[in-house]
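*Asks:* Turn this into a model:
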Amino acid sequence: MKEYTTEFIRNVALVGHSSTGKTMMAEAFLYFSGAITRMGKVEDGSTASDFDQEENRRTLSLYTSVIPIEHKNTKLNILDAPGYTDFVGEVISALSVADGAVVLIDSLAGVEVGTEIAWRYCDEFKLPRIVVINKMDRDNANLEKVMASLNEFSEARMIKVQLPWGERGDFKGVIDLLSNKAYEADGKKAVDIPAEFADAAEEARHELIEAAAEGDDALLEKYFEGEELSDSEIASGLKKVFMAGDYVPVFVAAAGNEIGVGPLLDALVSLMPSPADRPAVVAQGAKGEEELIASDTEPLAAYVWKTTADPFVGKQTFFRIYSGSIEGDSRVWNQKRETEERFGSVNIPVGKDQNIVKVIHAGDIASVPKLSETATGDTFCLKGHPLTLPVPDYPTGLFRVAIVPKTQADAAKISPTLTRLCEEDMTLDWYNEKATRQTILKGMGNQHIDVAIRRAEAKLQVGLETIEPRIPYREGITKEATASYRHKKQSGGSGQFGEVHITIDTYPEGDFELTWDVFGGAISQSYEPAIRKGILSVMKDGAIAGYPMQNVKVSVFDGKEHPVDSKPVAFESAARGAFKAAVKDAGPVLYEPIMKVRITVPDANMGDVIGDLNTRRGRMQGTDAERGLTTVIADVPLAEMLNYTSQLRSITGGRGYFMMEFDRYEIVPTHVADEVIAAAKSEEEED
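*Replies:* A predicted model of the protein is given here:
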């Protein structure tokens, strides 16, 4: 593949709902451009985009693939992103380095959940986009129905740039309104518009010209004066309203059968902005913010948007250059890690293959193998000109599982493995929960977690299993209580003796406090550390259900010791016994984490969502409404939210999403606490 400079590069993300044909669109582009001699199939696992073993097993895109297409002396970096909701992190990564987007929509289904998610992130990144209504050769394909769903969904106005040449089984090509020509099959040859479509084409072209004229005052004046606009003037005006986001051009295709591919590629070259046409990206420099210009002569700034690990080819780091250029066999500075990385070869990725090139120009997307320190979200720059590029906001994974190793050998590898997985995927996160002594992995859903676990086994050779996480309850007391305990052990030789008298009470100011209130030397204060250790060991392991205890104040006020048999270990045991006895009389309770939850759903689903929250012991705090969506705000116990991701998708048809953060601890209702305590005792007896 030859080198392409900034003005001849287009970075375009293919996004949309799952199964709208994104992967086959990329495959059709490759075939049309002559890069491959035969189109692969998703079902066979033979496409250039879906090359991962897990993608082939599921016949589903799981990761964003880079597919560069050479067309009309321009390189289009096609970013084929997954459509399934669990893998939204890959969509965000793709859109964050794209300069424009192609939103694919099924000709029968219209706007779906994946469409809405992709559209929302296109808005967030302020990306110009076109819509391709794909699979127009399907039975029951309905262009007008899809257009109606688009117009109802989007604030931006839709403008048809193409009409279908025939419908459903008779769909044979596209009628291009810009060139006023028809293109059969893949569109390599233009012909006159068939007579039966002439009137519809003329009417649609008239609407297109009106929209294009709005992009330029001179064109608008010329249009109102009744003068005809040339094809180049229409194209120029259309690009302006497209770039401004006032209109969204709509195309038609059946990429799986190679219909409409050529005209669509032409449109991507002419409509989509080059990196130099986009607003400057702002980076953080040593002296404040700097605007980056997409030029080889500017200081280097490259963003790492994806990293992958493979046992055979090693680590691959994917980056996009926002300013400057990078050559093979060079050194670059990783600003986030504050370390220098040595580049061997620099490559243009084509699916799983890597094409080595000498230099990567500003605006281009490339990869480099075997970097030791770099992770997703890092910035490459010059050591003498440090820059940090912004990292997009990724949603927090709210689907939790507990991780356990398959074997003892895997146990030692859990921490580095999970860290590696989370470095590659910004929507994964993990932590150790002290209260339950479990390792928790958080992701976007069941499929997302399952893919991560399989990836750990296939790519990192670490066997992991998942179980439902325990809730990090805490134990506490509600009133004052006094107790004593004598530890006495005699079994030949010196024995053990210690007696401790304590009073415990609630302590809202902190987790724990111990005061020494022994008078008259009943027991020596030298045993205080042992008594403290005994009490803290019970607080750590819990006195009623095995969960850590907090907010307890202890007063040691009396006891007895033996001149020969008293030892620290005896007073440690006595303290444990006294503390457990006191807790029983102090009104022990369980506390549970309460989450602040914000659930955004279509208005029509609000009632069902609120009803469901009521069954989850949720307490409504209010609602916010905006453009057909309602955000329900509620306080809900974490114990009731473990499988909420799946439930919310079921209630809303996948259109609802939620955010959740820890707010406070509250006392668990008695009937719930009794079940938790009974389960803990049963588990203890089994052990």
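
*Asks:* pretty sure residue 390 is in contact with residue 283, am I right?
*Replies:* Yes. If you go by C-beta atoms under 8 Å, residue 390 and residue 283 touch, sitting 7.4 Å apart. Glycine gets a C-beta too; all of them are placed from N, C-alpha and C.

*Asks:* So between these two, which is more surrounded?
*Replies:* The residue with more neighbours, out of residue 390 and residue 283, is residue 283; 22 against 13, by other C-beta atoms under 10 Å.

*Asks:* Quick check: which element contains that one?
*Replies:* Assigned by DSSP states H and E, residue 283 falls within strand 281-285.

*Asks:* Enumerate the positions of the helix or strand that that strand is followed by that are buried.
*Replies:* Using DSSP H and E, the next helix or strand after strand 281-285 towards the C-terminus is strand 288-292. For strand 288-292, the neighbour count (16 or more other C-beta atoms under 10 Å) marks 290, 292 as buried.

*Asks:* for strand 288-292, packing partners?
*Replies:* If you count contacts as 3 or more C-beta pairs under 8 Å, 6 or more residues apart in numbering; DSSP states H and E, strand 288-292 packs onto strand 281-285.

*Asks:* Name the residues of the strand it packs on that are buried.
*Replies:* By neighbour count, with 16+ other C-beta under 10 Å as the criterion, the buried positions of strand 281-285 are 281, 283, 285.

*Asks:* ok, for the last one, nearest residue in space, not its chain neighbours?
*Replies:* Of all residues not flanking residue 285 in the chain, residue 387 sits nearest, at 5.4 Å (C-beta to C-beta, 6 or more residues apart in numbering).

*Asks:* residue ranges for the strands of the stretch 451-600 of the chain, please.
*Replies:* Secondary structure of the stretch 451-600 of the chain (DSSP state E, counting those that start in this stretch): strands located at 464-467, 474-476, 481-489, 496-506, 512-516, 552-560, 589-602.

*Asks:* wait, residue 308 sits on residue 424?
*Replies:* Yes. With contact defined as C-beta under 8 Å, residue 308 counts as touching residue 424 (6.3 Å).

*Asks:* If you drop the residues flanking it in sequence, what lies closest to residue 245?
*Replies:* Distances taken as C-beta to C-beta, 6+ apart place residue 156 nearest to residue 245, at 5.9 Å, with adjacent residues excluded.

*Asks:* Same question for residue 532.
*Replies:* residue 514 (5.4 Å).

*Asks:* what about the one you found, neighbour count?
*Replies:* Applying other C-beta under 10 Å, we find 17 residues neighbouring residue 514.

*Asks:* That one: what's it in contact with?
*Replies:* Shown in contact with residue 514 (C-beta atoms under 8 Å, 6 or more residues apart in numbering): 528, 531-532, 535, 553-556.

*Asks:* ok, of the residues you listed, which one's closest to residue 680?
*Replies:* Closest to residue 680 out of these is residue 535 (20.3 Å), distances taken as C-beta to C-beta.

*Asks:* for stretch 128-136, what is the average pLDDT?
*Replies:* For stretch 128-136, mean pLDDT is 97.

*Asks:* Export only the CA atoms of it, formatted as PDB.
*Replies:* This file holds the C-alpha atoms of stretch 128-136, laid out as PDB (Å, rounded to 0.1, in the frame of the first residue of the first chain):
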ATOM      1  CA  PRO A 128     -20.700  14.500  10.400                       C
ATOM      2  CA  ARG A 129     -22.500  11.300   9.300                       C
ATOM      3  CA  ILE A 130     -24.400   9.700   6.500                       C
ATOM      4  CA  VAL A 131     -27.100   7.100   6.700                       C
ATOM      5  CA  VAL A 132     -27.000   4.000   4.500                       C
ATOM      6  CA  ILE A 133     -30.200   2.000   4.300                       C
ATOM      7  CA  ASN A 134     -28.700  -1.400   3.700                       C
ATOM      8  CA  LYS A 135     -30.100  -4.800   2.600                       C
ATOM      9  CA  MET A 136     -32.600  -3.100   0.200                       C
END
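
*Asks:* thought residue 596 was touching residue 635?
*Replies:* Yes. At 6.2 Å, residue 596 counts as touching residue 635 under the criterion of C-beta under 8 Å.

*Asks:* Based on its surroundings, how many neighbours for the nearest residue to residue 31 once chain neighbours are set aside?
*Replies:* Closest residue to residue 31 apart from its sequence neighbours, by C-beta to C-beta, 6+ apart: residue 39 at 4.8 Å. When counting by other C-beta under 10 Å, one arrives at 18 neighbours for residue 39.

*Asks:* From residue 30, how far out is residue 39?
*Replies:* 8 Å (C-beta to C-beta, to the nearest Å).

*Asks:* any residues in contact with both of residue 596 and residue 635?
*Replies:* Listed as contacting both residue 596 and residue 635 by C-beta under 8 Å, 6+ apart are residue 663.

*Asks:* didn't residue 114 look like it was pressed against residue 17?
*Replies:* Yes. Between residue 114 and residue 17 there is a contact at 2.9 Å, judged by C-beta under 8 Å.

*Asks:* neighbour count winner among these two?
*Replies:* residue 114 (28 against 24).

*Asks:* That one should be in a helix, yeah?
*Replies:* Yes. In this structure, residue 114 lies within a helix as judged by DSSP: H, G, I helix; E, B strand; the rest coil.

*Asks:* Residue ranges in the stretch 401-550 of the chain under the pLDDT threshold?
*Replies:* Within the stretch 401-550 of the chain, the stretches with pLDDT under 70 are 491-493.

*Asks:* All the helices of it, residue numbers only.
*Replies:* Remark: helices assigned in the stretch 401-550 of the chain by DSSP state H, counting those that start in this stretch are 408-411, 414-424, 446-460, 528-541.

*Asks:* shared neighbours of residue 114 and residue 17, which are they?
*Replies:* Overlap of the contact sets of residue 114 and residue 17 (by C-beta under 8 Å, 6+ apart) consists of residue 83.

*Asks:* rewinding a little: residue 44: which of the buried residues of strand 281-285 is nearest?
*Replies:* Taking those together and measuring to residue 44 by C-beta to C-beta, the closest member is residue 281, at 39.6 Å.
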